[in-house]
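K.L.:
here is a sequence with its predicted model. Questions after.
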Amino acid sequence: MVRFAFCSLTFSVVLRGCAAAGVIAGLLAAGGCNREPAASPISEATGDLVDVASLCERIDAVLAHARDGRRLNTTDHAAWQVVHGILAFGDAFPVDHEGTTSPALDYLLTGGRLTGWTLRPGSEGVVAVLDPGSKTGQGHPDQWLGYLSQFSLEGLPLDATLSAGGATYQVSDLLAQAQHDLRPGQEATWTLMAFSTYLPVDASWTAGDGTEWTLEKLVAMEAAADLAESACGGSHRLYGLTVAINRYLAATGQEAADLAGGWAQAEARIQAAIENARRFQQPDGSFSTSFFERPSTSPDVFAKIGSSGHTFEFLAMALEQEATE
């Protein structure tokens, strides 16, 4: 069985980063903190029992600080920061605007102005304007749609309304435009997150260039991509593949060992990445700063927080519960 020293070691690295750590811990906020485990986990480094209640209190404090300790506002901050806050805290994440405070998600969907949040009417629905490599706007294709799909287990409802160009649309219009705009070879990491959440596993459609697509074809394309050349060491790509596999297994009742075609390719990439994360994990519990490529570390705590948080997010989705204890 694959085992990781998550509880005391990785979180101790995360929590030492204080405010920055909240972004990582926030990724786990929706799942909550289990305060009554069957048994306290044991630190593989020291052999000591972990005080779960104390650890949860520390995590809760970091989460509270990340949400409320430094309030984001629409003058000084951009969509990249605000949307990532929504990803962690959902509609509980606040934003300040001209002396008032409101849920950031509601503010954006109702047409609130924010640097980097640019939606416009498209040929098939709504286009979220891409700003490649941006740290203010949407830096990857369908990133906003992918994050909206992670709002809950079923995603932000497709009939939820949003404003673009002064007109009212629905989340389904973002989805329709993404299906139309999909192209072979593009970065489709966040696209896959959204499509796996909102479309049936046997979905098929024709894109604007005439290419015929199925969800399995999209999964195969993402599974074949180079992780080392992917955003954040491939962690997002692996997360998208994991969402797709989890949905497929749940919908079909199949076992992972019985997968075929593009689904089997994706499962193989996921399992290889899990093994590499285990092999490359550092003695202090942090994960490799080179992600799934090779073992490495850094004296820069933010590099360690970034790689450990991204890797942990993927593993939390990909592993069975007993493998993380």
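P.N.:
Done, it's in. Numbering: from 1, shown residues only.

K.L.:
what is the neighbour count of Gln250?
P.N.:
No Gln there; residue 250 is Ala. Applying other CB atoms under 10 Å, we find 10 residues neighbouring Ala250. The way it works is simple: take the backbone N, C-alpha and C, and place the C-beta from them, glycine included.

K.L.:
let's verify it: helix, strand, or coil?
P.N.:
helix (DSSP: H, G, I helix; E, B strand; the rest coil).

K.L.:
going forward can the numbers begin at 329, since that is how I track them
P.N.:
New numbering, starting at 329: the last item is Ala578.

K.L.:
am I right that Ser491 sits in a strand?
P.N.:
Yes. Residue state for Ser491 (three-state DSSP) corresponds to a strand.

K.L.:
can you mark which positions in the biggest helix by length in the chain are buried?
P.N.:
Longest helix of the chain, by residue count under DSSP state H: helix 589-608. Within helix 589-608, the residues that count as buried by 16 or more other CB atoms under 10 Å are 590-595, 597-598, 601-602, 604-605, 608.

K.L.:
other SSEs contacting the following helix or strand past it?
P.N.:
Going down the chain from helix 589-608, the next helix or strand is helix 629-646, by DSSP states H and E. Helices and strands touching helix 629-646, as assessed by 3 or more CB pairs under 8 Å, 6 or more residues apart in numbering; DSSP states H and E, comprise helix 339-344, helix 347-354, helix 563-580, helix 589-608.

K.L.:
turn those into TSV, columns for distance to Val411 and mean pLDDT.
P.N.:
Conversion of those to TSV gives the following (distance: least, CB to CB, whole Å; pLDDT from 0 to 100):
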stretch	distance to Val411	mean pLDDT
helix 339-344	21	33
helix 347-354	12	36
helix 563-580	14	97
helix 589-608	25	97
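
K.L.:
quick one, which of the ones you listed is nearest to Leu458?
P.N.:
Leu458 lies closest to helix 563-580 among the helices and strands packed on helix 629-646, at 15.7 Å (CB to CB).

K.L.:
which helix or strand in the protein has the lowest average pLDDT?
P.N.:
helix 339-344 (a mean of 33; mean pLDDT, DSSP states H and E).

K.L.:
relative to Ser491, how far out is the closest residue in space to Gly562 that isn't next to it in sequence?
P.N.:
Spatial nearest neighbour of Gly562, excluding adjacent residues (CB to CB, 6 or more residues apart in numbering): Leu555 at 2.9 Å. Using CB to CB, to the nearest Å, Leu555 is found at 37 Å from Ser491.

K.L.:
thank you kindly, that will do.
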